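# quick one: sequence plus predicted model below, questions after.
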Amino acid sequence: MSEKPMSENMTDEKTASDKTINALFEELKKDLDFLPDNEAARNGFIFSLKYMLARS
Amino acid sequence: MVKTMEEIYQERVKRLKETVLHKEPDIVPVIQLAETWNVGYAGYKITDIENNPEKEIDAFNRAYEEIYFDAGLISYFTRNVPIFKHLEGGAYFYSKDGVTIQHKEYVQMKDSEYPQLIKDPMGFTESEIFPRKYPALNKPYPENLEALKDSAKLWSNHMKTGTLSSNYAREKYGMPILTDSTAMAPVDMIMDFYRGFQGIMGDIRRRPEELKEAAEALIPMIMAGALRGRTSLEEFPYIFIPLHIPTYLRPTQFEEIYWPSFKKVLENINQLGGKALIYLEGNWEHLYDFVNEFPKDFAIVLMEKDDIFKAKDKIGKTVTIAGGIDLSMLKNQSKEKCIDHAKRVIDHCAPGGGFIFTTDKIMLTATDVNVDNLKAVNEFVHSYGTYR
């Protein structure tokens, strides 16, 4: 296991992207053709994805 | 009459359920603690099988063909590393030899950001932590969206593989898989994915109130992750909870900082009808008073460095003790010595139920154990550890 004391990406700058991360996830939620056309199922999948990314 | 695989599956689940309730089952259950070891055992490297569900399912089930187990910990990789490759970040990566998944320590949150984490844990994580952790999200639109889409597809396939593999284990080998979701102790989550080890040790001294508030704030997110859309839980399979930092904490620090939010996670799972498989990483002997405050007959605790004989005496009436043999013994000692040791463990720990035989650590590489010893010990426990 290697250690990195501080992330190189940890700065006070906001992201350079021209869409917020939240907007990206909202767009993703509408685009995913492998999910059923059901708001609850899509919300559940997006939460599981975000939670996995938070824990990785 | 020959039993069907479903009958064998139900028999094994019953065996586990009874021992967790501190009733004596028919036989001491033997469980497999392994992740990437399965891949090596089946003759693969991780890179041979990544994003190949058929090979992944084959790898994670091969050992059941030849070695006795009553259940397996998991049925697929706990992490799908290609997801992080698309996003160009994350803590997990393959070892250079391609046989294990490793992680590096990340410090993604500044200590001054606790108020934001407390106010909106997922919102803060999404807007501030993700762009730091996953550089692909900072690419110009729509490149960043495409990276996210690729990751989402892999995540969906990953979850499907897990379900398929669990079903395969049940149908082909009558093998229960112990866990289908994971929870965390909130303070561990802050250490692992926000502040790092050094950061959190400093926060315990300098920012205890903020740390405690943040831990409380994370509970709903952790519970939603464990529930996966369910509104109640079953007695089986278990919610897996690996615990990381307590071995480094003094009892007073544990009581003040770690325990309040962790206890709520346990109580929530218990109230919803679930049970937990808790990995007590390191040595927990100094914290046994708290383990005895876990809900009774609620948890299986995997013991890594504790003296299992002492643990059985001190906490064995509250929780089910799981352990019994070190990987190093299985690797380096003779078969006879391993079996002698297993016999002593069963003689002491099995009476009264509340005991499961397994290894002290999760097996990761094919060389972690001498497979002949593992086979012999598991067969011995399965035949010697009878109650009736």
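Happy to help now that I have it.

# check contacts around A:Ser48.
Under the criterion of CB atoms under 8 Å, 6 or more residues apart in numbering or on different chains, the neighbours of A:Ser48 are B:Trp155, B:Met159, B:Gly225, B:Arg228. No exception for glycine: its C-beta is placed from N, CA and C like everyone else's.

# near chain A too, which of these?
With CB under 8 Å from any CB of the partner chain as the criterion, those include B:Trp155, B:Met159, B:Gly225, B:Arg228 near chain A.

# in space, what's closest to the last one - neighbours in sequence excluded?
Read it as B:Arg228. Excluding the flanking residues, the one nearest B:Arg228 by CB to CB, 6 or more residues apart in numbering or on different chains is B:Ser181, at 5.4 Å.

# what does the first one give?
Nearest in space to B:Trp155, with sequence neighbours left out and distances taken as CB to CB, 6+ apart, is A:Leu49 at 5.3 Å.

# before we move on, back to that, which element is the residue nearest to B:Arg228 on?
Secondary structure assignment for B:Ser181, by DSSP states H and E: strand B:179-182.

# for the helix or strand just after that strand, packing partners?
Downstream of strand B:179-182, the first helix or strand assigned by DSSP H and E is helix B:186-190. Counting contacts by 3 or more CB pairs under 8 Å, 6 or more residues apart in numbering or on different chains; DSSP states H and E, helix B:186-190 packs against helix B:208-227, helix B:259-271.

# reformat those helices as JSON lines; add mean neighbour count and mean pLDDT.
Listed next are the helices and strands packed on helix B:186-190 as JSON lines, based on neighbours: other CB atoms under 10 Å in any protein chain shown; pLDDT from 0 to 100:
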{"stretch": "helix B:208-227", "mean neighbour count": "19", "mean pLDDT": "98"}
{"stretch": "helix B:259-271", "mean neighbour count": "19", "mean pLDDT": "98"}
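
# name every strand pairing with the strand holding B:Ser181 and say which way it goes.
For strand B:179-182, the paired strands and their directions (DSSP bridges) read strand B:238-243 (parallel).

# now do the strand it pairs with: distance to the chain's middle.
Distance, stretch centre to chain centre, for strand B:238-243: 5 Å (CA atoms, centre = their mean, to the nearest Å).

# which outside residues touch that strand?
For strand B:238-243, contacts defined as CB under 8 Å, 6+ apart pick out B:73, B:178-179, B:181-185, B:188, B:226, B:233, B:262, B:265, B:269, B:274-281, B:300.

# check which residues of that strand are buried.
B:Tyr238, B:Ile239, B:Phe240, B:Ile241, B:Pro242, B:Leu243 (16 or more other CB atoms under 10 Å in any protein chain shown).

# give the next helix or strand downstream of that strand.
Downstream of strand B:238-243, the first helix or strand assigned by DSSP H and E is helix B:251-253.

# now do the buried residues in that next one.
B:Gln253.

# do the same with stretch B:26-41
B:27-41.

# the strands in the stretch 251-388 of chain B, which residues?
Here the stretch 251-388 of chain B has its strands, by DSSP state E, counting those that start in this stretch, at B:276-280, B:299-303, B:320-325, B:355-359.

# ok, back up a step: for the residue nearest to B:Trp155, which three-state class applies?
Using DSSP: H, G, I helix; E, B strand; the rest coil, the secondary structure recorded for A:Leu49 is helix.

# and for it, the neighbour number?
A:Leu49 has 21 neighbours, counted by other CB atoms under 10 Å in any protein chain shown.

# again, but for A:Ala40
Residues within reach of A:Ala40, counting by other CB under 10 Å, total 9.

# I'd like the average pLDDT over the helix or strand encompassing it.
In this assignment (DSSP H and E), A:Ala40 forms part of helix A:39-54. Confidence for helix A:39-54, expressed as mean pLDDT, is 94.

# ok, stretch B:241-256 next?
Here the average pLDDT along stretch B:241-256 is 98.

# may I have it as PDB, with CA atoms only?
Only the C-alpha atoms of stretch B:241-256 are listed here, as PDB (Å, rounded to 0.1, in the frame of the first residue of the first chain):
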ATOM      1  CA  ILE B 241     -19.000  -4.100   8.400                       C
ATOM      2  CA  PRO B 242     -15.200  -4.000   8.300                       C
ATOM      3  CA  LEU B 243     -13.900  -1.800  11.200                       C
ATOM      4  CA  HIS B 244     -10.500  -0.100  10.700                       C
ATOM      5  CA  ILE B 245      -9.400   2.400  13.300                       C
ATOM      6  CA  PRO B 246     -10.600   1.100  16.700                       C
ATOM      7  CA  THR B 247      -7.500  -1.000  17.200                       C
ATOM      8  CA  TYR B 248      -5.500   2.300  17.300                       C
ATOM      9  CA  LEU B 249      -7.900   4.000  19.700                       C
ATOM     10  CA  ARG B 250      -7.800   4.100  23.500                       C
ATOM     11  CA  PRO B 251     -11.000   3.000  25.200                       C
ATOM     12  CA  THR B 252     -11.700   6.700  26.200                       C
ATOM     13  CA  GLN B 253     -11.300   7.900  22.600                       C
ATOM     14  CA  PHE B 254     -13.400   5.000  21.300                       C
ATOM     15  CA  GLU B 255     -16.200   5.800  23.700                       C
ATOM     16  CA  GLU B 256     -16.300   9.500  23.000                       C
END
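
# list only buried entries from the contacts of A:Ser48.
Using 16+ other CB under 10 Å, the buried ones in the contacts of A:Ser48 are B:Trp155, B:Met159, B:Gly225.

# okay, B:Lys96: pLDDT?
86.

# wait, B:Thr78
For B:Thr78, the pLDDT comes out at 89.

# and it, what does it touch?
B:Glu35, B:Ile101.

# mind running it again at 10 Å?
By CB atoms under 10 Å, 6 or more residues apart in numbering or on different chains, B:Thr78 lies in contact with B:Glu35, B:Thr36, B:Tyr92, B:Ile101, B:His158, B:Gly162, B:Thr179, B:Thr182, B:Phe240, B:Pro242, B:Ile362.

# same check on B:Ile245?
For B:Ile245, the contacting residues are B:185, B:187-188, B:190-192, B:197, B:200-201, B:204, B:253-254, B:257-258, B:281-282, by CB under 10 Å, 6+ apart.

# and the nearest residue to A:Lys19 once chain neighbours are set aside, backbone torsions?
Setting aside the residues directly before and after it, A:Lys19 is nearest to B:Tyr141 in space (CB to CB, 6+ apart), at 4.9 Å. Torsion angles at B:Tyr141 (phi, psi; degrees, to the nearest 10) stand at phi -70, psi 140.

# same question for B:Phe93.
Torsion angles at B:Phe93 (phi, psi; degrees, to the nearest 10) stand at phi -150, psi 160.

# pretty sure it contacts B:Thr47?
No - shown here, B:Phe93 and B:Thr47 do not form a contact pair, counting by CB atoms under 10 Å, at 11.7 Å.
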